[in-house]
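Visitor: next one to model:
(one chain, ligands or ions: 3)
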Amino acid sequence: MEAAAGIRRSSLGDEIVARIGQLGVISETPEHLARIFLTPEHGKAADLILSWMREAGMSAHLDAIGNVCGRYEGERPGLPCLMLGSHYDTVRDAGKWDGPLGVITAIACVADLNRRGKRLPFAVEIAGFADEEGVRFASTLLGSRAVAGTFDESVLATRDRAGVSMREALIQFGLDPDHIGKAARARRELLGYVELHIEQGPVLEEKGLPVGVVTAIAGATRLAANLTGVAGHAGTVPMALRRDALSGAAECIVAIEEFCKTDASGLVGTVGYIGAMPGATNVIPGKVSFTMDIRAPSDMHRKRAVADIVRRIEAIAKRRELALQIDVTHENRSVPCAPWLQSQIAGAVAAEGYAVFELPSGAGHDGMAMVDIADIGMIFVRCRGGVSHNPAEHVELADADTGARVLLRFIENFRQQPV
Ligand code: HGY
Ligand code: MN
Ligand code: MN
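Guide: Numbers count the residues shown, from 1 in each chain. Ligands and ions are numbered 1, 2, ... in the order given. This next block holds a predicted model:
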């Protein structure tokens, strides 16, 4: 329907921004956005997204691990699908665009097809993954691994900080942990998986571009370290006699930062969490746990860096007479985006009138799991200042609209890869 002269037809961007706002208030607390796997907020968000999918003409359901799944049939029922999607869980004190932009934009595109009564020679499915961030249980990509059939049942025993196991949490949420296998899809059902996501970095903004074509997703290693010294009285133990676990951890953390800073080829290392016991002002900490997140452009470089960092931490612990336990809690290899999907995404970007810019993703995404059952592609959308995992995360309406128009053009022009 053409808009009356002077009245701007509401754009895809308007719908997307409104829904980002609606979803963005479903949070553990109103002050800091957090929507964590298998919590009441997860359930509320799932209900809202499922309703949007149905409004867009899709059949929609919650799968066995809490992903939201929508399907828009093609020219005839039962055709293999082009799968779109992203995650709808968040980190703590999150921005509201990381994940939801991909799910909401995909729904807006299908809703546009549905409004026009357009059917394609393939089905379009949208997956909203329930746990990409891995905030509650150490491992990540739980939703997409379940869809890819690579879910590791041993993680059901992992416990959150309150001591609740994933198995118990699934049951409390109303799901059956013994049925997670039912979420798995077969490779033959998917023609490809394409995810639209905010860049979470400053490159597109620096280039003055609204969208980019992703070439690969960098791998990551997550580790948990536990240092054990001797708790003691802050007023009586001479400094030379202390086995202070928190001072030891502090030296380790600075060593990790120094090691990564002096590496010239894109290595990054982050200690995102530290806990000190017993955590009283006048007690020398006897136990400290902290996490590490190590990433590099290549797997070999990352693995070598992890080994070097572990050696440094072991030397610090030995010198300080601290007991050390280090475990790898999660490892994801680097994953390439399929050239044929990159080229079709690039075609859509160019057809919308924008320069085609290719870039790798330093952040992890569900495509790292989905690659086990389908070729993957990603579209990046510019975000202000490249800020992410931060409540200041923001996408301009015009860029949200551009991302949607590029994705919609990609969908309508999608050609299955010749087998
Ligand atoms: O950690 C990551 O790279 C992603 O945001 N989960
Ligand atoms: Mn994230
Ligand atoms: Mn994300």
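
Visitor: number of nearby residues for the residue nearest to residue 75 when sequence neighbours are not counted?
Guide: Of all residues not flanking residue 75 in the chain, residue 119 sits nearest, at 4.8 Å (C-beta to C-beta, 6 or more residues apart in numbering). C-beta: built from backbone N, CA, C; applies to glycine. The number of residues packed near residue 119 is 16, by other C-beta atoms under 10 Å.

Visitor: from ligand 1, how far off is residue 119?
Guide: Distance of residue 119 to ligand 1, computed by C-beta to the nearest ligand atom, to the nearest Å: 35 Å.

Visitor: in contact with that residue, which residues?
Guide: 73-75, 113 (C-beta atoms under 8 Å, 6 or more residues apart in numbering).

Visitor: any idea how far the spatially closest residue to residue 155 that is not a sequence neighbour lies from ligand 1?
Guide: Spatial nearest neighbour of residue 155, chain neighbours left out: residue 139 (5.1 Å); criterion: C-beta to C-beta, 6+ apart. Separation of residue 139 from ligand 1 (C-beta to the nearest ligand atom): 11 Å.

Visitor: just for the stretch 301-419 of the chain, where's the confidence low?
Guide: Within the stretch 301-419 of the chain, the stretches with pLDDT under 70 are 419.

Visitor: strands of that one, start to end?
Guide: 323-332, 335-336, 358-361, 376-381 (DSSP state E, counting those that start in this stretch).

Visitor: dump the ones you listed into TSV; add distance to ligand 1 as well.
Guide: Listed next are those as TSV, based on distance: least, C-beta to the nearest ligand atom, whole Å:
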stretch	distance to ligand 1
strand 323-332	9
strand 335-336	12
strand 358-361	8
strand 376-381	13
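
Visitor: just say which of those strands is most tucked in.
Guide: Among the strands of the stretch 301-419 of the chain, strand 376-381 has the highest mean neighbour count (mean count of other C-beta atoms under 10 Å), at a mean of 26.

Visitor: helices and strands around it, which ones?
Guide: Strand 376-381 sits against strand 190-198, strand 211-217, helix 339-351, strand 358-361, helix 367-370, helix 397-413, with contacts defined as 3 or more C-beta pairs under 8 Å, 6 or more residues apart in numbering; DSSP states H and E.

Visitor: quick revisit: what is the burial count for the residue nearest to residue 155?
Guide: Counted with other C-beta under 10 Å, the neighbours of residue 139 add up to 19.

Visitor: got the contact list for it?
Guide: Per C-beta under 8 Å, 6+ apart, neighbours of residue 139: 152, 155, 158, 329-330.

Visitor: from those, which two are the most distant?
Guide: Comparing every pair within the contacts of residue 139 by C-beta to C-beta identifies 152 and 329 as the most remote, at 12.1 Å.

Visitor: so where do the strands sit in the stretch 151-300 of the chain?
Guide: Using DSSP E, counting those that start in this stretch, the strands of the stretch 151-300 of the chain run over 190-198, 211-217, 219-228, 232-233, 268-270, 274-277, 283-284, 287-296.

Visitor: among these, which comes closest to residue 376?
Guide: strand 190-198 (4.9 Å).

Visitor: from residue 179, how far out is the residue of the stretch 201-350 of the chain found nearest ligand 3?
Guide: Residue of the stretch 201-350 of the chain nearest ligand 3, by C-beta to the ion: residue 217 (10.7 Å). Per C-beta to C-beta, to the nearest Å, residue 217 is found 29 Å from residue 179.

Visitor: these two: which is more packed in?
Guide: residue 217 (25 against 12).

Visitor: next one: that one, what pLDDT does it get?
Guide: With respect to pLDDT, residue 217 scores 94.

Visitor: still on that earlier bit, so which of the strands of the stretch 151-300 of the chain is the most surrounded?
Guide: Comparing these by mean count of other C-beta under 10 Å gives strand 190-198 as most buried, with a mean of 26.

Visitor: show me what that one packs onto, helices and strands only.
Guide: Judged by 3+ C-beta pairs under 8 Å, 6+ apart, the packing partners of strand 190-198 are strand 81-87, helix 100-115, helix 339-351, helix 367-370, strand 376-381, helix 397-413.
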